[in-house]
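S.K.: sharing a model that was predicted from the sequence below.
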Amino acid sequence: MEFGTFRRLLVVAAMAAAAGACAPVQPGPAGVPQMGVRSFLDIRHLCSLGVSPPFELDGAPAAARYRVRMVNVSVLYARPVDFEVPADGPTIAEGALPGYTGPCPGETQAFEFRFDVLALDNAGRPLAFGWTRLSASSTTRLMRQSPDSRPRMPLPPLQSSP
């Protein structure tokens, strides 16, 4: 086989492998019904402010608790972070994830995170699964882009003079 042909075959094989690696993956337990997951990340959910994002779950069954996994999918290897909260209907309230510190991208960075939500029954068996992907940019960039999402500190009450 001549070198040019071998090189073309190698390129085609590499492209096929890359295309397979980019194929959509449906994470979650096999055979478990899917549920929709909606959420957002804004300035309150970044850089150790300790406020986890809220989640709305479409098609969520009556569950005992939810297990949430957060993974940075923008980097080659990122250790997932897991949270577990008692279920309170088809939502997970803002700030409900215990120990959440939030992503903190650098000044010129933007990352994408995948949040997996697994609904569990009292025995810990999976009832439904869903996921969403959310983008996180630097807090400085967010402050410039969306002034309405800046955290607001309550003003102290006016003091009347004696």
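M.R.: Structure received.
S.K.: contacts and neighbour counts: CA atoms only from here.
M.R.: Fine.
S.K.: run through the protein and note the low-pLDDT ranges.
M.R.: 1-27, 139-162 (pLDDT under 70).
S.K.: what segments of it are strands?
M.R.: Taking DSSP state E, the strands of the chain run over residues 36-38, 55-58, 65-72, 81-86, 91-92, 110-120, 126-137.
S.K.: nearest to residue 28, out of the ones you listed?
M.R.: strand 126-137 (6.2 Å; C-alpha to C-alpha).
S.K.: which positions within that closest one qualify as buried?
M.R.: Neighbour-count burial for strand 126-137 flags 126-134, 136-137 (criterion: 16 or more other C-alpha atoms under 10 Å).
S.K.: can you tell which of the strands of the chain is closest to residue 48?
M.R.: strand 126-137 (13.3 Å).
S.K.: ok, and what's touching the closest one?
M.R.: 28-29, 32-42, 46, 60-61, 63, 103-106, 108-121 (C-alpha atoms under 8 Å, 6 or more residues apart in numbering).
S.K.: now with 7 Å, please.
M.R.: For strand 126-137, contacts defined as C-alpha atoms under 7 Å, 6 or more residues apart in numbering pick out 28, 32-38, 40-41, 60-61, 105, 109-121.
S.K.: same check on stretch 33-52?
M.R.: By C-alpha under 7 Å, 6+ apart, the list of residues contacting stretch 33-52 reads 53-60, 94-97, 100-104, 128-132, 134, 136, 139, 142, 149-151.
S.K.: is residue 137 in a bridge, and if so with what?
M.R.: residue 110 (DSSP bridges).
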